[in-house]
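Peer 1: The sequence and its predicted three-dimensional model are supplied below.
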Amino acid sequence: MIKCGAGAAIVLIACGFATVRFGSGLQMPAATTRDGTLITLSRYLREPVPDVVLVGSSITFRLKEEYFATPKLRNLALAGGSPLTGLEIVANQPQLPKFILVEANILARSTDAALVERYSRGDAEPLFFRPVRAAVAAYEQRLHAPRTLEQVAIELRGLLTQPPNDFDNRVYADRALQQLNAEDPTDAVQFNAKRIEELIQVLERRGVRVFLFELPCSEPIEGSRYAAVTREIIHAAFPDSIRWLRLEVNRSELRWADGVHLDERSAVIVTQAMERALALAR
């Protein structure tokens, strides 16, 4: 038992060192969508407050942070979630980013109250597991070192030189269109638009600038019942054009996996358009 105790103490000391040395910038690989959400939010609470935060659904989730040249940017969009969840969590923090960008495409989903409660306490990760998690993350990063900014930039430039990928997505696009035409989001979007307005008022009193944005979808999807109702309600709630980031893109260059979610090349194009719009807004 003495040997066991000594061994455990050595491991914990080593893990403690790993936490101090590596813990703030490491994250474990995600095994599931929910795991990825928890890691993303835990990372946001652990690391220094960024200048720019994106909140949204799986549509914005496709805009990976590495696609952005903007430093100190975090994407808190939640696959399968609501923009309101990320917005609520950010609003509940003692320190806030300078800019928050809110996706306005998917607004019928309710706030994930469990996530908001968990990540509004300021310490969502049990203290006991931090050293172990940091040690494992350090080992993982040693095995699979992240790409440098220069490597990422070269890959993105190469991706943009390629022509659009005209794969046949009709089965998925037709299914998505059928679902969006079958749903009437009026009540949910009206409720959530009001809540977004309340949160924006709170955030801007604390010095944050909040912008709304709409990501482009395929024409049939943008003409769907769900999209039309959502667009009408949210623009009526926020009619001031200064509130919106206008994304200028050549739509003929864009492609979607299912009519809704951008493919990788298109996500890079839209990301660059978002950065240009944010630069003008600044």
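Peer 2: That came through, no problem.

Peer 1: how far away is the spatially most central residue of the chain from Asn181?
Peer 2: Centre of the chain computed as the mean C-alpha position; nearest residue by Cα atoms, centre = their mean is Ala77, 2.4 Å away. Separation of Ala77 from Asn181 (Cβ to Cβ, to the nearest Å): 24 Å. Just so you know, the C-beta spots here come from the backbone N, C-alpha and C atoms, and that holds for glycine as well.

Peer 1: Next: Lys72.
Peer 2: 40 Å.

Peer 1: which stretches of the stretch 151-282 of the chain form helices?
Peer 2: 170-182, 186-205, 219-222, 225-237, 264-281 (DSSP state H, counting those that start in this stretch).

Peer 1: what ranges do the strands span in the stretch 51-200 of the chain?
Peer 2: 52-55, 73-75, 99-103 (DSSP state E, counting those that start in this stretch).

Peer 1: Tabulate those strands (a markdown table), appending distance to Ser266, mean neighbour count and mean pLDDT.
Peer 2: Listed next are those as a markdown table, based on distance: least, Cβ to Cβ, whole Å; neighbours: other Cβ atoms under 10 Å; pLDDT from 0 to 100:
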| stretch | distance to Ser266 | mean neighbour count | mean pLDDT |
| --- | --- | --- | --- |
| strand 52-55 | 17 | 25 | 97 |
| strand 73-75 | 16 | 22 | 96 |
| strand 99-103 | 16 | 24 | 98 |
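
Peer 1: any low-confidence regions in the stretch 1-150 of the chain?
Peer 2: 5-6, 8-35, 122-150 (pLDDT under 70).

Peer 1: Phi, psi for the nearest residue to Arg276 once chain neighbours are set aside please.
Peer 2: Distances taken as Cβ to Cβ, 6 or more residues apart in numbering place Glu248 nearest to Arg276, at 7.1 Å, with adjacent residues excluded. With angles defined as degrees, to the nearest 10, Glu248 sits at phi -90, psi 110.

Peer 1: ok, now which ones touch Glu248?
Peer 2: 273, 276-277 (Cβ atoms under 8 Å, 6 or more residues apart in numbering).

Peer 1: residue contacts, Asp51?
Peer 2: Taking Cβ under 8 Å, 6+ apart as the test, what Asp51 contacts is 70-73, 97-99.

Peer 1: distance of Leu278 from Ser42?
Peer 2: Distance from Leu278 to Ser42, by Cβ to Cβ: 26 Å.

Peer 1: sorry, that was for Leu177
Peer 2: 36 Å.

Peer 1: Looking at these two, which one has more neighbours?
Peer 2: Using other Cβ atoms under 10 Å as the criterion, Leu177 and Ser42 rank with Leu177 on top: 21 against 18.
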